[in-house]
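Undergrad: need coordinates for the below:
(4 chains)
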Number of protein chains: 2
Amino acid sequence: MDRDQLLDETLMLLPTLMRLVERPSPVEIGKIARRGIPEDAQVSPGHIQVLIALTGGPRSVGQLAEELEVSPPAATQLVDKLAEHGMVDRHHDPSDGRVVLVDYVDGMHEVARRIIEDRRHHLHDAMSKMSDKEALAFIKGLKLLAESFSAAEE
Amino acid sequence: MDRDQLLDETLMLLPTLMRLVERPSPVEIGKIARRGIPEDAQVSPGHIQVLIALTGGPRSVGQLAEELEVSPPAATQLVDKLAEHGMVDRHHDPSDGRVVLVDYVDGMHEVARRIIEDRRHHLHDAMSKMSDKEALAFIKGLKLLAESFSAAEE
DNA sequence: GCAAATTATATAAGTAACTTAAATTTGTAG
DNA sequence: CTACAAATTTAAGTTACTTATATAATTTGC
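TA: Just a heads-up that it's a prediction; the model follows:
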């Protein structure tokens, strides 16, 4: 098999895919709007990541930054936006006043589930065309890539 | 196999990978600099895409925009930057004065090859840990994903 | 028990990579 | 030769980050 050609294909494909993934589709936004959050809501992949992280319970801003591998100010901003839209709430950790715990606003857990579901839908379409083995290889590839690029930063 | 869990993993992984891929590593820039282009050169994935596209011969700005799936102004900007660094040249298509053809500056073909090689290196590392079948499944996954997100935009 | 250092978050300012809309230049067709 | 279309560029705006700095809360050392 010609690995070199595969590498070139990937080099061409990855940035294009990145641009597509980053661009929230208007359809998606529309759907979300009809489901209870403001019409002008822009839900980016980063926001989805936060919503997914919170399905495992409240998280501090710092924990979110670590999970998403972004700087603390970036995490603050993601939380800011979600809070603006009434999706999440902040409160201080009673055991450590420096820590800000982020959690769903009451009743928004369900809305979040649907927003995530909507995003998941795209992926589901793509992955339904893969066999189980292929799907596993795909994820493995993503992880290897992330590790490799992460390591390159030291 | 639990597809749902795979989907969630992917939803968490993709944006993080995107951020890593987008961030040009300083090492890489240093290496490139030592090879003949200015020290402050920032080579983004988009620029790499242009350099790869040009290995197939000169391209018009419009063709580049199409290949990378970006708007024409975005293609102009990518070419601007590469031209600033003396990597590529513009000249008008003799058969149609509206068209701007982009090509390597004389002698820069070789430098471009090395810049691409450097980027390819990361990928090679990751993909060397995959079997042939896995590598093919990985690329297939990327393509399916790109198609699916592309289709969602109409 | 208090000053100094550390930690968690937020604010401010700046950058890169896009986007859409409008302007410019060149070509084409009645 | 006039009007429209096409290719590119310019202009202006947006988003998602970054680093550096500020603020507030906790911990540490004496």
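Undergrad: report the buried residues of the strand of greatest length in chain A.
TA: Using DSSP state E to define each element, chain A has its longest strand at strand A:96-104. Neighbour-count burial for strand A:96-104 flags A:100-102, A:104 (criterion: 16 or more other C-beta atoms under 10 Å in any protein chain shown). (Each C-beta comes from the backbone N, C-alpha and C, glycine too.)
Undergrad: how about a markdown table for these, with distance to residue A:127 and pLDDT added?
TA: Listed next are the buried residues of strand A:96-104 as a markdown table, based on distance: C-beta to C-beta, whole Å; pLDDT from 0 to 100:
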| residue | distance to residue A:127 | pLDDT |
| --- | --- | --- |
| A:100 | 35 | 98 |
| A:101 | 33 | 98 |
| A:102 | 29 | 98 |
| A:104 | 27 | 97 |
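Undergrad: closest to residue B:23 out of these?
TA: residue A:102 (25.1 Å; C-beta to C-beta).
Undergrad: name the SS class of residue A:24, please.
TA: With DSSP: H, G, I helix; E, B strand; the rest coil as the basis, residue A:24 sits in coil.
Undergrad: isn't residue A:90 up against residue A:79?
TA: Yes. Taking C-beta atoms under 8 Å as the definition, residue A:90 is a contact partner of residue A:79 at 6.9 Å.
Undergrad: ok, the residue of chain A found nearest DNA strand C - contacts?
TA: Going by C-beta to the nearest atom of the strand, DNA strand C is nearest to residue A:62 of chain A, at 2.4 Å. When contacts are counted by C-beta atoms under 8 Å, 6 or more residues apart in numbering or on different chains, residue A:62 touches A:72, A:75, A:99.
Undergrad: again, only this time at 10 Å
TA: Neighbouring residues of residue A:62 by C-beta atoms under 10 Å, 6 or more residues apart in numbering or on different chains: A:72, A:75-76, A:98-100.
Undergrad: what pLDDT does the model give residue A:60?
TA: At residue A:60, the model reports a pLDDT of 98.
Undergrad: ugh, wrong one, residue A:31
TA: 70.
Undergrad: what do you get for residue A:115?
TA: Predicted confidence (pLDDT) for residue A:115: 89.
Undergrad: what about it, how many residues close to it?
TA: 24 (other C-beta atoms under 10 Å in any protein chain shown).
Undergrad: would you mind giving the orientation angle of whatever helix or strand it lives in with respect to strand A:96-104?
TA: Assigned by DSSP states H and E, residue A:115 falls within helix A:108-127. Inter-element angle recorded for helix A:108-127 and strand A:96-104: 60 degrees (by axes from the mean of the first three to the mean of the last three C-alpha atoms, to 10 degrees).
Undergrad: ok, then the element right after helix A:108-127?
TA: Assigned by DSSP H and E, the successor of helix A:108-127 is helix A:132-153.
Undergrad: thinking again about what came up before, CA-only coordinates of the helix holding residue A:115 in PDB, if you can.
TA: Provided in PDB are the C-alpha atoms of helix A:108-127 (Å, rounded to 0.1, in the frame of the first residue of the first chain):
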ATOM      1  CA  MET A 108     -31.400  22.400  31.000                       C
ATOM      2  CA  HIS A 109     -29.900  18.900  31.300                       C
ATOM      3  CA  GLU A 110     -32.600  17.700  28.900                       C
ATOM      4  CA  VAL A 111     -32.100  20.600  26.400                       C
ATOM      5  CA  ALA A 112     -28.300  19.900  26.500                       C
ATOM      6  CA  ARG A 113     -29.000  16.300  25.700                       C
ATOM      7  CA  ARG A 114     -30.900  17.300  22.600                       C
ATOM      8  CA  ILE A 115     -28.200  19.700  21.500                       C
ATOM      9  CA  ILE A 116     -25.600  17.000  21.900                       C
ATOM     10  CA  GLU A 117     -27.900  14.600  20.100                       C
ATOM     11  CA  ASP A 118     -28.200  16.900  17.200                       C
ATOM     12  CA  ARG A 119     -24.500  17.200  16.800                       C
ATOM     13  CA  ARG A 120     -24.000  13.500  17.300                       C
ATOM     14  CA  HIS A 121     -26.400  13.000  14.400                       C
ATOM     15  CA  HIS A 122     -23.800  14.100  11.800                       C
ATOM     16  CA  LEU A 123     -21.300  11.700  13.200                       C
ATOM     17  CA  HIS A 124     -23.800   8.900  13.400                       C
ATOM     18  CA  ASP A 125     -24.500   9.300   9.700                       C
ATOM     19  CA  ALA A 126     -20.800   9.100   8.800                       C
ATOM     20  CA  MET A 127     -20.100   6.200  11.200                       C
END
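Undergrad: thank you, goodbye.
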